[in-house]
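Participant: after the sequence you'll find the predicted model.
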Amino acid sequence: MRIWSIHPKYLDAKGLVALWREALLAKHVLEGKTTGYINHPQLIRFKNSEDPVGYINHYLVFVYQEALSRGYHFNKEKIDMNFKPGEIKVTRGQILYETKHLLKKLEIRDHKRFLQFSEESEIRTHPLFKVKEGEIESWEKTEN
């Protein structure tokens, strides 16, 4: 499971579809509708927020909007729109880590998107997240 901190516009088709599925799984976990993945590190920041279920719904709205802009047909009914918008802090180190991680994937799966993304001077975050200074988040499972 990967709940990206970077904006979903950077993801290739495979990555965007996977993000939608994984964020919906995260929503089910946070709603207590499944016993799997309850201790997954990617959920820590949502669990530590003031409104975990509201924030994952807020997160899903932007994934849905990105999919819609590409002509994909994700089911908007899966998002509970009764949430109060908010924000979660994410470290600059986490954004840099995710950027490198995604670039490795894109180089293999979607070279055109890899070239476009690698030329970005400033990487946008998913709108739910606001950047603060710091290293890679403590919950991140980094590759060695």
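Facilitator: Received it, and whenever you're ready, just let me know what you need.
Participant: any idea which helix or strand comes after the helix or strand bottoming out on mean pLDDT in the chain?
Facilitator: When the helices and strands of the chain are scored by mean pLDDT, DSSP states H and E, helix 111-118 comes last with a mean of 93. Following helix 111-118 in sequence order, the next helix or strand is strand 129-132 (DSSP states H and E).
Participant: buried ones in that following strand?
Facilitator: 129, 131 (16 or more other C-beta atoms under 10 Å). Quick note: C-beta positions are derived from backbone N, CA and C, even for glycine.
Participant: please report phi then psi for Thr91.
Facilitator: Reported as degrees, to the nearest 10, the phi and psi values for Thr91 are phi -80, psi 150.
Participant: now the least confident helix or strand of the chain: buried residues?
Facilitator: So for helix 111-118, counting by 16+ other C-beta under 10 Å, buried means 113-114, 117.
Participant: redo the residues you listed as a markdown table? Include distance to His58.
Facilitator: Output for the buried residues of helix 111-118, formatted as a markdown table (distance: C-beta to C-beta, whole Å):
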| residue | distance to His58 |
| --- | --- |
| Arg113 | 25 |
| Phe114 | 29 |
| Phe117 | 24 |
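Participant: what is the nearest of those residues to Tyr72?
Facilitator: Using C-beta to C-beta, Arg113 comes nearest to Tyr72 of those, at 15.2 Å.
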